[in-house]
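Engineer: give me the fold of what follows.
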Amino acid sequence: MPSFDFAIGLTANGLDAVSVSLYQQVPQLFKGTQQASVSGIEYTVDWNVEAPATFDLSDPAGAQSALRAHMDAAGPPVGVAASSTPAPSAALMDLAAANAAAFSFTYQSVGLALSAPGVSPAVLTIALTATAHIAVSCPQQTMVIDGMTTPQQSDPVQNWIVQNVVLPEMLASSQQIFGGVTIPEITLPGLTLGPPVPFVQDNTLIAVANLATEPQPDVPAAGTVDWPGSDFFTLISQNAFQALTANYIATSQSTMSDSGSSGDHWGGDDWSYSLGIGSPRVTLNADASVTLDAAVQGSVAASIYVLYVPIGVGFTAYTEPGLSAQLSVTVEGSCLVVKTTSVASFVLVVAPSGSVPEEIVGGMLEPIVLAVVAAFSPFVSSFLGGIQFASFDIPTYTVSVGGVTITMAPTNLTVSSVDGMLALVGGTAISG
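Structural biologist: The predicted model follows:
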């Protein structure tokens, strides 16, 4: 059983779809012109990205090593003197890189045109590979582009221009383009989640989280979770679903109070009760349905009057064999919705409890029992039969860059069970 309460995942296909859309909608960020002086000669450098970037989530260890190298080469933040901020230790940088959700993307074809007075023009096609990671600033998760590399060129002048002019320009452009990628906050209605833990595993960018009452989860060891492999997925644990259901019942009208009487104080009774449905327990089934078990909670009290003298009697209320309902989990619009499909038969039992004087016979108690049962039993059936709540608002990813906002929304979603967790799996669609 996985050791986290919630997970959200996106494959390289989903990231590639965002990359294609950005390439089409903000073309001005994928080309440019720059002047460069080499050995006293002024070059004009035109660069044009000829195809959108493709993401690679297959080698997180390699991406972490590349990130570590970039950390070595990085100086202090802009505007901060090197002497004013102690440099992190090598061990600390090793730890940070090893725990980063690192990956790479590549521009496979970037066209370059180099021209200068008195020099034969040159046309090159190069590939550029960037290293990136997901940064967490609760509750936000964003993509950070750390560095970029390209193979060395055989011509020393061309190589200098590529490494010192084109590479910095493309890195800055990529930081602007993909720095706008925002991974949605993980939210569950009525619940507070702890900080997300992002990582890359099985060619998928994943973030896991626990309920805020639990410790922050560790990254699952490779091979210990059967990730769905769809372009988009979420997983919800039984623990989280239990908390969602308990929250729904606690915030719903799941209690009932009433009172009544028969006869008069010369010879009769009066009674009152406050009963509700509590102690919910859920079981996630292999077919992605949910079994809800619950119990009746509360109190019933009565007084038997004999010549205006009250004799108090207490009662215990419970059901046989217990409360149980089957729930379905379906996708409706942008929500994961839980509904009742069936309610098991039950009998509400109201029985005297504690010390009851033997002079009080069953005939005196029967009107009280019948009144409570007649009122509360239909209420229980109606409540359990009418369960319906949105357990999860399906998130959308957004990218805002160059005055354009692009939205990636999950699509064609289905509900299933994965490793004992409720799974929502599907593809992605781009709009904007």
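
Engineer: which parts of the longest helix seen in the chain are buried?
Structural biologist: Determined from DSSP state H, the single longest helix within the chain is helix 362-385. Residues of helix 362-385 classed as buried by neighbour count (16 or more other C-beta atoms under 10 Å): 364-365, 367-369, 371-372, 375-376, 379-381, 383-384. C-betas here are computed from N, CA, C, even on glycine.

Engineer: grab the nearest non-local neighbour of M71.
Structural biologist: In this structure, M71 finds its nearest non-sequential neighbour in M93, 4.9 Å apart by C-beta to C-beta, 6 or more residues apart in numbering.

Engineer: same check, this time on N13
Structural biologist: D231 (4.9 Å).

Engineer: look up how far A130 lies from that neighbour.
Structural biologist: 22 Å (C-beta to C-beta, to the nearest Å).

Engineer: now do the contacts for the spatially closest residue to Q242 that is not a sequence neighbour.
Structural biologist: Leaving aside its sequence neighbours, Q242 sits nearest to V282 (C-beta to C-beta, 6+ apart; 5.0 Å). By C-beta atoms under 8 Å, 6 or more residues apart in numbering, the residues touching V282 are Q238, F241, Q242, T245, V290, T291, L292, D293, L327.

Engineer: how about these in TSV, adding distance to G62 and pLDDT?
Structural biologist: Listed next are these as TSV, based on distance: C-beta to C-beta, whole Å; pLDDT from 0 to 100:
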residue	distance to G62	pLDDT
Q238	36	93
F241	37	93
Q242	40	93
T245	43	93
V290	41	95
T291	45	96
L292	46	96
D293	48	96
L327	44	96
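
Engineer: please pick the buried ones from these.
Structural biologist: Listed as buried from the contacts of V282 are Q238, F241, Q242, T245, V290, L292, L327; burial here means 16+ other C-beta under 10 Å.

Engineer: which of those residues lies closest to V119?
Structural biologist: Checking the buried ones among the contacts of V282 against V119 with C-beta to C-beta, the nearest one is F241 at 68.2 Å.

Engineer: counting by contacts, list what the helix or strand harbouring the closest one packs against.
Structural biologist: Assessed by DSSP states H and E, F241 sits inside helix 238-251. Counting contacts by 3 or more C-beta pairs under 8 Å, 6 or more residues apart in numbering; DSSP states H and E, helix 238-251 is packed against strand 267-284, strand 290-306, strand 335-343, strand 388-393.

Engineer: burial of D72, as a residue count?
Structural biologist: Other residues near D72 come to 10 when the count uses other C-beta atoms under 10 Å.

Engineer: sec struct for it, please.
Structural biologist: The assignment at D72 comes out as helix when based on DSSP: H, G, I helix; E, B strand; the rest coil.

Engineer: let's have the chain start at 3 instead
Structural biologist: Let's use 3 as the start, then, which means that last one is D74.

Engineer: how about low-confidence regions in the stretch 53-202 of the chain?
Structural biologist: The stretch 53-202 of the chain contains residues with pLDDT under 70 at 77-88, 141.

Engineer: strands along that one, start to end?
Structural biologist: For the stretch 53-202 of the chain, the strands defined by DSSP state E, counting those that start in this stretch occupy 56-58, 104-118, 121-139, 142-151, 183-185, 199-203.

Engineer: list the contacts of P90.
Structural biologist: A98.

Engineer: against D96, how distant is it?
Structural biologist: 10 Å.

Engineer: what's the answer for D61, then?
Structural biologist: D61 is 18 Å from D96, where distance means C-beta to C-beta.

Engineer: same question for A290.
Structural biologist: Distance from A290 to D96, by C-beta to C-beta: 42 Å.

Engineer: more neighbours: these two, which one.
Structural biologist: The residue with more neighbours, out of A290 and D96, is A290; 18 against 14, by other C-beta under 10 Å.

Engineer: tell me the SS of that one?
Structural biologist: At A290 the chain is in coil, as set by three-state DSSP.

Engineer: from memory it sits against L424, does it?
Structural biologist: Yes. Using C-beta atoms under 8 Å, A290 is in contact with L424, at 6.3 Å.

Engineer: identify the contacts common to the two.
Structural biologist: V331, V417.
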